[in-house]
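Q: Test case, fold it:
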Amino acid sequence: MIQFQNLRKTFALRGDRKVVIDNLNLTLPSGKSLGLLGRNGAGKSTLLQIIAGTMLPDSGRVVSDGTISWPVGLGGAFHRDLTGAENVRFLARVYGVHTDDLVAFVEDFAELGKHFYMPVRTYSSGMRSRLTFGASMGIKFDTYLVDEVTAVGDKSFKRKSRDLFEDRMRHSGAIMVNHSSRQLRNYCDAGLVLERGRIRYFEDLDEAIAHHNALQAG
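A: Prediction:
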């Protein structure tokens, strides 16, 4: 269960305040994989970061009775001056998992070779995505937050990533941002639509997609 209590988030924009989340009160059910839809700039990534605790709201709070990942697909969880291995060790301590086990898992899965022991600032965007994805999937969360990334790399690595993600989804829920309706239908069974700071929950994902498309066309 993830619950939003009087959640509000704004940003300064040309001397004004843009409201991204407007006094949100909503309880998301446990065990669901939710597709999060909204226009470009609606605040989807911002909401994921607030849920993860990597960004603070202006007011209100997020309450959960389970463990939540950081947003897979965003590199903000990693310190650019630390090596991949050092970042993974830090995450293991933060999330209370066995350090050596997580390091071994990510080193094997991400296939970064010697770069795993080099500073993250030297990584390409694809390498950072591999590191982020591997570290997140190496920790078993109750809810995974996914921002546009489910698989990266060449065809073989994408298949390996997809298989691992599907395995995690058998036992966990997710909140996924993805512009591909096909990808959302592959992994999600319900939907959220973020529009003008408000969120509407749909038990049926296709209804959420249809509502989002109607807003886009309007």
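
Q: Which stretches in the protein count as helices?
A: 44-52, 84-95, 99-110, 125-137, 155-169, 181-187, 205-217 (DSSP state H).

Q: Reformat these as JSON lines; add distance to Pro29, mean neighbour count and mean pLDDT.
A: C-beta coordinates here come from the backbone N, C-alpha and C atoms, glycine included. As requested, the helices of the chain are exported to JSON lines (distance: least, Cβ to Cβ, whole Å; neighbours: other Cβ atoms under 10 Å; pLDDT from 0 to 100):
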{"stretch": "helix 44-52", "distance to Pro29": "15", "mean neighbour count": "22", "mean pLDDT": "94"}
{"stretch": "helix 84-95", "distance to Pro29": "24", "mean neighbour count": "18", "mean pLDDT": "95"}
{"stretch": "helix 99-110", "distance to Pro29": "29", "mean neighbour count": "18", "mean pLDDT": "97"}
{"stretch": "helix 125-137", "distance to Pro29": "22", "mean neighbour count": "22", "mean pLDDT": "88"}
{"stretch": "helix 155-169", "distance to Pro29": "15", "mean neighbour count": "14", "mean pLDDT": "87"}
{"stretch": "helix 181-187", "distance to Pro29": "16", "mean neighbour count": "16", "mean pLDDT": "90"}
{"stretch": "helix 205-217", "distance to Pro29": "14", "mean neighbour count": "15", "mean pLDDT": "94"}
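
Q: Quick one: closest of those to Leu34.
A: helix 205-217 (8.3 Å; Cβ to Cβ).

Q: which other helices and strands contact the closest one?
A: The contact analysis (3 or more Cβ pairs under 8 Å, 6 or more residues apart in numbering; DSSP states H and E) places helix 205-217 against strand 33-38, helix 181-187, strand 190-195, strand 198-202.

Q: and the angle from the third one to helix 205-217?
A: What separates the directions of strand 190-195 and helix 205-217 is an angle of 20 degrees, with axes from the mean of the first three to the mean of the last three Cα atoms, to 10 degrees.

Q: Identify the residues contacting Ile175.
A: With contact set as Cβ atoms under 8 Å, 6 or more residues apart in numbering, Ile175 has these partners: 2, 28, 33-34, 36, 48, 51, 143-146, 192.
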